[in-house]
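Novice: Sequence first, predicted model second:
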Amino acid sequence: MTTFLGKTDPEVQKILDLEAKRQKDGLEMIPSENYASPAVLEALGSIFTNKYAEGYPDKRYYGGNEYIDRLEKTAIERAKKLFGVPHANVQPYSGSPANFAVYFALLNPADVVMGHNLPDGGHLTHGWKVSVTGTYFKSVPYHVLPSGRIDFDEVEKLAKQHKPKLIWVGATAYPFEFEFEKFAKIADAVGAYLVADIAHVAGLVIAGAHKNPALYVDIITTTTHKTLRGPRGGMIMVTDKGLKKDPELAEKIDRAVFPGTQGGPHEHQIAALAVALKEDSSASFKKYGRQVVKNAKVLAKTLMANKLQLVGNGTENHMILMDLSKTYCPGAGYFAQYALEAAGITVNKNTVPAEPVSPFYPSGIRLGTPAITTRGMKEKEMVKIGNFIAQALKEIKPYRLPDDKNARIQFLKNFREEIYENKNLLEIKKEVEKLCKKFPVPGIK
Ligand code: DSN
């Protein structure tokens, strides 16, 4: 496919071709994944990768940055305009480094931070115990109710009791719209910085399919490769509210990114981000973002019509969290992920609220519509896909996770071998491939 790569390194070219085929022939339904456009890919693979640019536009530690400055300023201005914020830093390498920089800008070691509990759908960097954010800081997690929604009585109680310096709003497995205004009331009452991590829903925010946190929070962080359809990367934005609270907030964030936690920015990544942000400002992107949510709602309805249980009985965004613990068995997310993969449908196993097993053998799966909507699929296809999924999941019925941890390893090995040869799943895979042929993937021939 790529002339230079194919000649220089046929081994990597072969792997690339195989991955392209996988991305093309299957249904990509991990809610945090998407397809970047050919223009974004071109910018990402460009000669901007050759340049060192430590520092910021007009304040670099290296020469030769005339055009790089122009590039980074373009990305910054586009981000500010799209999200309605006065300050944007486009240098974070990805979402986790963006969040680490926020800690470094605002907190001292052992300060208190509150975030959405990981097994309840939160993110590692919001204070989970194995992350540096849960070890160098005192982490007080908040939880969700049995309905799956955030328990705001608990958030308020914990905030009053522990007086956090920083509260995160944002999650990775939460099928509801974020209620930024409720968090703002609590954070303001205890004098905490409020930071929205909108990595999952940033594209929906731009499309008007999710409320914009800019009015309610001090800082916004996001990745750039999920619903924004950009390159892998991160951004940090400071809001008017944040600057009013702390006029030095923008400088604090910039210093925390460089030199605080990162070295030279990845300007090829920033170039691709600039391109994605231009694409995201179009009318067709607004239509895309709204279609992502419409598709998720139809998919949720189809799954429930097939008697599958969803956290929150549906979705308000791009994501569906399916609880398989009662329909099948505790830990069934593991079986479901592999069975669906055998059927050409990629999802990820995920914990559910009040998870009965563990994050490695969780009882749910997480599904999303951003990538399949990018391919142009609509409501009609969602009904088809929902029925494929329900049909495929029937094949996990005979399997039950052994209680004995040592017995599990051999059992799961046998399971994986069997599931990839399951005839019914292979039949569904053929149907999936037929459907996928009608919806090309941007950037793959
Ligand atoms: N790994 C991302 C996700 O899948 O949601 C979060 O960082």
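Specialist: Alright, I've got the coordinates. Numbering: from 1, shown residues only.
Novice: In stretch 167-184, which residues are buried?
Specialist: 167-176, 178, 180, 183-184 (16 or more other CB atoms under 10 Å). Just so you know, the C-beta spots here come from the backbone N, C-alpha and C atoms, and that holds for glycine as well.
Novice: now swap in stretch 379-388 and tell me
Specialist: Buried-residue list, stretch 379-388, by 16+ other CB under 10 Å: E381, M382, K384, I385, G386, N387, F388.
Novice: Stretch 301-318 too?
Specialist: 301-304, 308-312, 314-318.
Novice: and G122, helix, strand or coil?
Specialist: coil (DSSP: H, G, I helix; E, B strand; the rest coil).
Novice: For M1, report the pLDDT, please.
Specialist: In this model, M1 is scored at 49, pLDDT.
Novice: Phi, psi for the one residue in the stretch 101-250 of the chain that gets nearest to the ligand please.
Specialist: Nearest residue of the stretch 101-250 of the chain to the ligand (CB to the nearest ligand atom) works out as T172 at 3.5 Å. T172 adopts backbone torsions of phi -120, psi -10, taken as degrees, to the nearest 10.
Novice: check contacts around it.
Specialist: Neighbouring residues of T172 by CB atoms under 8 Å, 6 or more residues apart in numbering: S32, G121, G122, H123, A199, H200.
Novice: Report the two of the residues you listed separated the most.
Specialist: Farthest apart among the contacts of T172 by CB to CB are S32 and G122. That separation is 13.9 Å.
Novice: out of the two, which sits in the busier spot?
Specialist: Ranked by neighbour count (other CB atoms under 10 Å), S32 and G122 place G122 first, with 24 against 20.
Novice: for that one, what are its contacts?
Specialist: G115, H116, W128, P141, W168, A171, T172 are the contacts of G122 under CB under 8 Å, 6+ apart.
Novice: Could you count how many residues lie near the spatially closest residue to the fourth one that is not a sequence neighbour?
Specialist: The reference is to P141. Spatial nearest neighbour of P141, chain neighbours left out: N117 (3.8 Å); criterion: CB to CB, 6 or more residues apart in numbering. Per other CB under 10 Å, the neighbour tally for N117 reads 20.
Novice: Tell me who's in contact with N117.
Specialist: Counting by CB under 8 Å, 6+ apart, N117 has contacts W128, P141, Y142, H143, V144.
Novice: now do A296
Specialist: Contacts of A296 (CB under 8 Å, 6+ apart): T315, N317, H318, M319, I320, G368, T369.
Novice: mind checking how far it is from R255?
Specialist: Distance, A296 to R255, using CB to CB, to the nearest Å: 39 Å.
Novice: One more: K165?
Specialist: Distance from K165 to R255, by CB to CB: 18 Å.
Novice: Counting neighbours, go ahead and name the busier of the two.
Specialist: K165 (19 against 16).
Novice: Show me what counts as buried in the one helix or strand V292 maps to.
Specialist: Assessed by DSSP states H and E, V292 sits inside helix 283-305. For helix 283-305, the buried set under the neighbour-count rule, 16+ other CB under 10 Å, comprises 285-286, 288-289, 291-304.
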